[in-house]
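Peer 1: Coordinates only, no sequence provided:
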């Protein structure tokens, strides 16, 4: 039996989605809808005394409507969205692919 994840992803995005801009290191930027789990500032793994805001971003695993794992360049690609809902957008570097399935990717951004 095959599950069509696109139905679940569309519901998830329509309830919790926010506008963002995907900025690949190479290629054109594009507007996408993502679900963002904002975290309080966390220590940087490479420099523990320093802290920086972090977030997990859920996007379609799709090169048109989201971010495909085939095109993902961790450390080079960025996503632009506000650190808080009432603030201006800022660029966040995609540092890690946390999870993926046929429908969505979960990314750590800082």
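Peer 2: Noted; the coordinates are in hand. Keep in mind it's a predicted model, so treat the numbers as computed, not measured. Numbering: from 1, shown residues only.
Peer 1: Just give the nearest non-adjacent residue to residue 43, would you?
Peer 2: Nearest in space to residue 43, with sequence neighbours left out and distances taken as C-beta to C-beta, 6 or more residues apart in numbering, is residue 51 at 5.5 Å. Any C-beta I mention is one placed from the backbone N, CA and C, and that applies to glycine too.
Peer 1: Neighbours of that neighbour, how many?
Peer 2: For residue 51, the neighbour count with other C-beta atoms under 10 Å is 12.
Peer 1: and if you look at residue 32?
Peer 2: When neighbours are counted by other C-beta under 10 Å, residue 32 registers 22.
Peer 1: ok, back up a step: and the gap between the residue nearest to residue 43 and residue 63?
Peer 2: For residue 51, the distance to residue 63 equals 33 Å [C-beta to C-beta, to the nearest Å].
Peer 1: before we move on, what SS does residue 87 have?
Peer 2: Judged by DSSP: H, G, I helix; E, B strand; the rest coil, the three-state class of residue 87 is coil.
Peer 1: That one: neighbouring residues, count only.
Peer 2: Per other C-beta under 10 Å, the neighbour tally for residue 87 reads 9.
Peer 1: What pLDDT does the model give it?
Peer 2: Looking at residue 87, its pLDDT reads 92.
Peer 1: residue ranges with poor pLDDT in this structure?
Peer 2: Along the chain, the parts satisfying pLDDT under 70 run over 1-9.
Peer 1: Centre-most residue in it?
Peer 2: Nearest to the geometric centre of the chain sits residue 57, at 3.3 Å (C-alpha atoms, centre = their mean).
Peer 1: what is that one paired to in the beta sheet?
Peer 2: Applying DSSP bridges to residue 57 gives these bridge partners: residue 36, residue 107.
Peer 1: Let me know the distance separating it from residue 83.
Peer 2: Distance of residue 57 to residue 83, given as C-beta to C-beta: 13 Å.
Peer 1: what do you get for residue 39?
Peer 2: 11 Å.
Peer 1: what touches both of the two?
Peer 2: Shared contacts of residue 39 and residue 83, defined by C-beta atoms under 8 Å, 6 or more residues apart in numbering, are found at residue 53.
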